[in-house]
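sharing a model prediction with you, sequence too.
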Amino acid sequence: MPGGTLDPGESYLQGARREFAEETGLSLDIALESFADQDHIFDTVPNCLDGLHRRRHFHGRIREKPATEWEHFETTPSTGGPPIRFRLFWIDLFSEDAPAETLFFEGFGAQLETLRTRMERQIDGRH
């Protein structure tokens, strides 16, 4: 679930595509579709940005699933500093072992049920 901030003049869609590539190292050769908006207030997390964060959630599919787990470095973090190491893996949202939305940092899992419902409709052909 890549996330980040918008660059000056960048749309939410452009930012989502850029952050996906920067943080996963994967090529996104299909369209992303917006499926949810979320306002989240950071006020109790030490060393974190304070205030209102407007989140836009996008869903997209990649043509081929890469390795089960992989590592990628974001080489130009927006805050400057050294590259950021990401250890990535897939989560089966329909598995009994899927983590609860409450286990994600600062509300990032809040839209998982919305995403599950959306994916079920696509699988069933009910777009």
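Right, received. Where do you want to start?

can you pull out the strands in the chain?
33-42, 51-59, 69-74, 84-89 (DSSP state E).

need the contact list for residue 20.
2, 26, 28, 32, 60 (Cβ atoms under 8 Å, 6 or more residues apart in numbering). Every C-beta, even on glycine, is put in place using the N, C-alpha and C of the backbone.

next: residue 3.
19, 23, 55, 108.

show me the contacts for the third one.
For residue 55, the set of contacting residues under the criterion of Cβ under 8 Å, 6+ apart consists of 3, 37, 38, 39, 40.

need the pLDDT of the third one.
pLDDT, residue 38: 87.

how many other residues sit next to it?
14 (other Cβ atoms under 10 Å).

give the contact list for it.
Counted by Cβ under 8 Å, 6+ apart, residue 38 has contacts 54, 55, 56, 57, 107, 110, 111.

any idea what it is bridged to?
Residue 38 forms beta bridges with residue 55, as assigned by DSSP bridges.

great, nothing more from me.
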